[in-house]
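Participant: What follows is a predicted structure for the sequence shown.
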Amino acid sequence: ALKGVVSIVVVVVIGLLGNTEGSVANNAPPPQAEYLQPLLTTKNGTKVTTASEWMNSRRDEVATLLMDNILGTLPTTRPKLTTWNVLNVTNSTDDMMTSSYVELKFQIPGGPMIPFVVEQMKPQDSSLPPPPNGRPVFLTQWNHRPWAVVGASRNYVGIRYPGADTGDISPEFQKAYAPNASMALIVARAFVASLVVDYVNVLTGVNPSQICISGHSRNGKQSLLAAAFDKRITAVVGSSPGSPISSPYYFGSANYYGEGPVTGGVAGKWWLQSIVQYASHPETLPMDGHGVLALIAPRHAAVAHGWSDHEGDSVFADEMGYREAMKVFDLFNASKNLRIIARPGDHHGFNQYQHYFDWFDHAFGYASSSFPLGYTRGSVSEPYPINFLTPAGFNYSLWYELYAQNVPPPPGKSADLEDRINWLIQPPPQGYGIPSTYSEDGGPGQEWSYVSKMMEHGVVDGGNVKQVSVVFGNSISGNIYFPSKAKKGDVLPVIIWLHPYGYNTGYKGCYQQADPWSALAEAGFVVLAYDQAGFGMRQREGGTTFYARYKDRASLFGLLVKDVTAAIDTIHCLGNQTRDSNLCSTQEKFGGAYQNQLTEIPSVDISNILVAGYSLGGNVALHAAALDKRITGVAAFAAFTPFRLDTPDKGTKGLARLYDLHAMIPRLGLFPGRESEVPYDYDELLEAIAPRNTLLVTPQQDRDATYSDVEACITTAAKAWESHGAAKNLVHEAPNVKTQMTTVETVMLVAWAKNATN
């Protein structure tokens, strides 16, 4: 029997790394790594410790950094509201609401007069009496008229303004103020919202201290910006705002399946053209979107997002930005004024507009204190609790405090490589991965239609690829793709695809990301793709949830590697000689609605099992291949940088990227400052894979790697292939590009896979 991945029983052992005296861990955890640009340090290095220091010194610096590097600059002089004329008034059919179209005229100092029309909605006093100090005002964009209607029904004065794709006056202001103000489109629309606030201040019957704003997607971006740059706006909800405003660009590069500076052609339109210089290394931006949330402090701000958003609004990025911005709210003792409102689903759909008004009611004191939002037995609940879904909520210092002193010393460097790997990544136990096509997680051989549509797992290729869903291992749902033209009796090569840090998306990328799983199936392979634990449909299995379940007994990365073992088991159960064996039977009796869809999948060639992955997926693939000899070839794109050389000064954030940021391998947190003592490194991992077919694509601008270290590592490991007389089996490509998985890399993968399987 093959020696598989084994679990590690954690015992209390006293001893230094490689020694038997003292403790494995240091007395204190490593310093907390800083990922986003610091908000509480001024340009001259002074620490900001009070609310007044923030308001008087750092706040303007952050605003300037945002305008100079992402948004474009706002005008230094404001146009004057000269006239406002009601064009028409309409009452609703039940006479409970009034709609008025009002023309506003603004005079640019030394420039043109610019008119535009807003629609104003308010309830009739007879149907909804106004509060003593006047009604609160809700602003939204031209294409969100239903939102304003909801506002009026909630006793707000709703005003929609032309700052949207379906009606937009902002280009006129851009033109009038150029070249002195370089404001790009999104912040120019926020500027229009600010001008509407000038109009609100001349209205009667409203409360000018209670002005709120909301919008969805790009309108969510401008809503947050409007609140950030106009302090008269006292509450805001950005609905799925995404990159870079709620989802910092730091977490928007391709290895997050996110929306980066060059995605969607927004540079030079929505944002300054100059942001493209940060595409390879967004971490070098002088300021990122978390600064926008910080500018709103201490007023009420909320980011509403969908767990499975495929359009650049990442839950992980939002939570990381929220976590950093909260430091500013804390200066004001206003931590309850910043929240995330999570909802199920993708970018569109499940939008809870009424819930946004619950937030505004909460901000303005209209929410009931005796009948709360949400029910808690025995007491009034906190209406907006903080619940992190991703590793943004992982507290490595707490893990270290609870468990580090109990970690046994690692095996010595001369010990078996498998033992050293298992010590570090701690794979949890898992049963044999027998595949099934029916479970509570899916229909008979198919995902439920809403899952496939929401996660975009279906193949759009003119019918060249078929899809059958499977459940394997510890109830892992995946999809098997294969050529539609495959005939009964065909035996096809097989490949497992492992995705990057796609927290929202899982294995389906967004925007300009390629779909290697689809391309491989069309090229003649049977492909198994699934969301790894902590990502996509399994997003809530990672982060703090994982360690609450496993404590110090396992690592999330170990689970990902073990899931590949279960996937290989599944592949073996699709082999021509093995699929009908007792080992591969679930003992289910199929018929009627419970059809065995596994019979639709062509038999696979278990002598040709490949595993391929990008970023995190590539790292998992390399570990799996080193541990499981059933894997006959591995392809890894932008997968690693050597552990022992990954020091904080390299710009990659060092080992903290894996033990803290993504909460993947907590035991790596024992080695900062002594990285050379990590029990193994990637040269040994690669040598364990030799002489099997291996493709390594290492972009020279990979933000998570130091290319010179990667190149030296591969040069050392290549000797293992040479010693087997199989140098041609190791293919190393080093394009001078950023980390990415585009059609270029996909073509490279397909060509390699065909060659590796003849």
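Facilitator: Sure thing, it's come through.
Participant: In the chain, where is pLDDT below threshold?
Facilitator: For the chain, applying pLDDT under 70 flags the ranges 1-24, 369-383, 431-433, 437-449, 460-462, 512, 588-595.
Participant: go again using 50 as the cut-off
Facilitator: Scanning the chain for pLDDT under 50 picks out the ranges 1-22, 375-378, 439-445.
Participant: The helix or strand that contains residue 634 packs against which elements?
Facilitator: For residue 634, the host element (DSSP states H and E) is strand 633-637. Contacts defined by 3 or more CB pairs under 8 Å, 6 or more residues apart in numbering; DSSP states H and E place strand 633-637 against strand 603-614, helix 616-627, strand 693-697, helix 743-756. Just so you know, the C-beta spots here come from the backbone N, C-alpha and C atoms, and that holds for glycine as well.
Participant: Please determine how far residue 722 is located from residue 136.
Facilitator: According to CB to CB, to the nearest Å, residue 722 stands 73 Å off from residue 136.
Participant: ok, back up a step: restricting to C-alpha, output the strand holding residue 634 in PDB.
Facilitator: Taking Å, rounded to 0.1, in the frame of the first residue of the first chain, the C-alpha atoms of strand 633-637 are listed here in PDB:
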ATOM      1  CA  GLY A 633       2.400  14.900 -13.000                       C
ATOM      2  CA  VAL A 634       2.000  18.300 -11.400                       C
ATOM      3  CA  ALA A 635       1.700  21.800 -12.800                       C
ATOM      4  CA  ALA A 636       2.100  24.800 -10.400                       C
ATOM      5  CA  PHE A 637       1.600  28.400 -11.400                       C
END
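Participant: so how far is residue 577 from the closest residue to residue 573 other than its chain neighbours?
Facilitator: Of all residues not flanking residue 573 in the chain, residue 584 sits nearest, at 3.5 Å (CB to CB, 6 or more residues apart in numbering). Distance from residue 584 to residue 577, counting by CB to CB: 11 Å.
Participant: If you count surrounding residues, which of these two has more?
Facilitator: residue 584 (19 against 10; other CB atoms under 10 Å).
Participant: tell me the phi and psi of that one?
Facilitator: Main-chain dihedrals, residue 584, degrees, to the nearest 10: phi -100, psi 10.
Participant: Please give me every residue in contact with it.
Facilitator: Neighbouring residues of residue 584 by CB atoms under 8 Å, 6 or more residues apart in numbering: 434-435, 572-573, 578.
Participant: Highest neighbour count among the residues you listed?
Facilitator: Result: residue 435 is most packed of the contacts of residue 584 (other CB under 10 Å), 27 neighbours.
Participant: And the next helix or strand past the one helix or strand residue 173 maps to?
Facilitator: Using DSSP H and E, residue 173 sits in helix 170-177. Next helix or strand after helix 170-177 toward the C-terminus (DSSP H and E): helix 185-200.
Participant: CA atoms only: put that next one into CSV for me.
Facilitator: Provided in CSV are the C-alpha atoms of helix 185-200 (Å, rounded to 0.1, in the frame of the first residue of the first chain):
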residue,chain,number,x,y,z
LEU,A,185,-15.6,59.5,-12.9
ILE,A,186,-16.6,57.8,-9.6
VAL,A,187,-15.4,60.6,-7.3
ALA,A,188,-16.9,63.2,-9.7
ARG,A,189,-20.2,61.5,-9.2
ALA,A,190,-19.6,61.7,-5.4
PHE,A,191,-19.0,65.4,-6.0
VAL,A,192,-22.4,65.7,-7.6
ALA,A,193,-23.9,64.0,-4.5
SER,A,194,-22.2,66.6,-2.3
LEU,A,195,-23.8,69.4,-4.4
VAL,A,196,-27.2,67.8,-3.8
VAL,A,197,-26.5,68.2,-0.1
ASP,A,198,-26.2,71.9,-0.7
TYR,A,199,-29.8,71.7,-2.0
VAL,A,200,-30.9,69.7,1.0
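Participant: can you give me the angle that helix makes with helix 170-177?
Facilitator: Following axes from the mean of the first three to the mean of the last three CA atoms, to 10 degrees, one obtains 90 degrees for the angle between helix 185-200 and helix 170-177.
Participant: any idea how far helix 185-200 is from the chain center?
Facilitator: Distance of helix 185-200 from the chain centroid (CA atoms, centre = their mean, to the nearest Å) equals 30 Å.
Participant: how about the residue nearest the centre of the chain, what does it touch?
Facilitator: By CA atoms, centre = their mean, the chain has its centre lying nearest to residue 314, at 3.3 Å. Residues near residue 314 by CB under 8 Å, 6+ apart: 242-243, 247, 251-252, 256, 258, 503-504.
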